[in-house]
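Colleague: Here is a sequence together with a model predicted from it:
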Amino acid sequence: MLRTSFIRILTTAFIVGAAYASAPAPYARGQNNRPVIADYLVWHNPSTFDGHLTWDVPADGPYDSSDIQTIRRHIRNAQEACLDGFAVHWFGPDDPITTNNFERLLDASVGTSLRHAIVIQANTVPNADEDKILDSVLHIMDYWMAHPNYLKLDGRAVILFTDMPRPWGSDAAALEGWRSIRESADPDRETIWMAEGLYPTYNPLFDGLYVYRIDHRDYPKSWLKQPRWAAGLRKVQKQSKMKLYFADTIAAGFDDTRSARLGALDYRSPQPAFARDRQNGQYYRETFAPTAKTGGDFLLVKSFNEWIEGTQIEPGKTYGDLYLRITCELVAAYKSR
């Protein structure tokens, strides 16, 4: 599964020298100015919004994530929310839907200040193995990271990973698996790898840490622990003498009480379903408050359009564009620190 750097060199030269010669100048707000990006799902189709999986529906009605007009509308929504880009959930190059839709998003973002990162989920699908995960990382490095609208911090492309023990089943086995993948794909740390977790179990092998789920049925208000999670990472940073990155996470709400209806299509780690009252935006602001104490390097908004978990800020029939406006308010507060 190893590839030579020659592919990457040719691809980079083509992207930078030809396909995107008319692209905008480098990120106007700075490559490391604490960007704010929102989780973005690119596999929706109209059946997602037929009322049996979600508690609300998009204000503009059901949509197909592959539709270019939908993608352009989401780009406008992101700009209205003052976001710097999306964290796009991707099942790997073997999945044509998420692969093609990320490429559509990159191309549609040319000429804007938006920068997008990939959240690799190739390790969560049935029959996942180290070769498939390695191939996913290499695909990003070979074909996407040189794109002017791919997110970079300190000049390095950002890649997020989730469900870290999968498919190995334990942290010990996963550490060995991830180490092998990193040594094969990125031994010189050309990219920033963000591990998901409450503790720096995978750092400094990974360059950073974030927590995706900040609320639980049995452990409510887990977001209050974010300063503790950040402190754990900073301790490893001091010991390793390596620059490590902490990403804060905020959420507009949560309601996955209908997710059981996904059945075998639900690749998430099993968790008790629950719902939280959004309180007309107050819940969102409460999850944001602890970020003032973390010293975070960037902010993840959970989410732009995770309708099945009920975390979306995308305009809905129930609340209109309220959460775009609140997000812009929170982005301004985050960047002013």
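Modeller: Arrived safely.
Colleague: Could you list which residues are in contact with the residue nearest the centre of the chain?
Modeller: For the chain, residue 87 is the residue whose C-alpha lies nearest the centre (C-alpha atoms, centre = their mean; 3.0 Å). Neighbour list for residue 87: 37, 38, 39, 40, 116, 117, 118, 119, 160, 300 [criterion: C-beta atoms under 8 Å, 6 or more residues apart in numbering]. (Each C-beta comes from the backbone N, C-alpha and C, glycine too.)
Colleague: from what I can see the second one touches residue 301, true?
Modeller: Yes: the pair residue 38 and residue 301 passes the contact test of C-beta atoms under 8 Å, sitting 3.9 Å apart.
Colleague: hey, what's the residue nearest to the centre of the chain bridged with?
Modeller: For residue 87, the beta-bridge partners under DSSP bridges are residue 39, residue 117.
Colleague: how much space is there between it and residue 60?
Modeller: Note on residue 87: its distance to residue 60, by C-beta to C-beta, to the nearest Å, is 22 Å.
Colleague: Give me the below-cutoff pLDDT ranges for the stretch 201-337 of the chain.
Modeller: The model of the stretch 201-337 of the chain has pLDDT under 70 over residues 260-270.
Colleague: how about the helices in it?
Modeller: In chain order, the stretch 201-337 of the chain shows helices spanning 226-240, 282-288, 322-335, with DSSP state H, counting those that start in this stretch as the criterion.
Colleague: Same question for the stretch 1-150 of the chain.
Modeller: Listed in chain order, the helices of the stretch 1-150 of the chain (DSSP H, counting those that start in this stretch) span 5-14, 68-80, 96-109, 130-139.
Colleague: so residue 327 sits right up against residue 82, yeah?
Modeller: Yes: if you go by C-beta under 8 Å, residue 327 and residue 82 touch, sitting 6.6 Å apart.
Colleague: Kindly tell me how buried the closest residue to residue 43 other than its chain neighbours is, as a neighbour count.
Modeller: Of all residues not flanking residue 43 in the chain, residue 97 sits nearest, at 5.4 Å (C-beta to C-beta, 6 or more residues apart in numbering). Residue crowding around residue 97 was assessed by other C-beta atoms under 10 Å; the count is 16.
Colleague: Local confidence estimate at residue 97?
Modeller: pLDDT recorded at residue 97 is 98.
Colleague: if I look at it, how far off is residue 232?
Modeller: Separation of residue 97 from residue 232 (C-beta to C-beta) stands at 36 Å.
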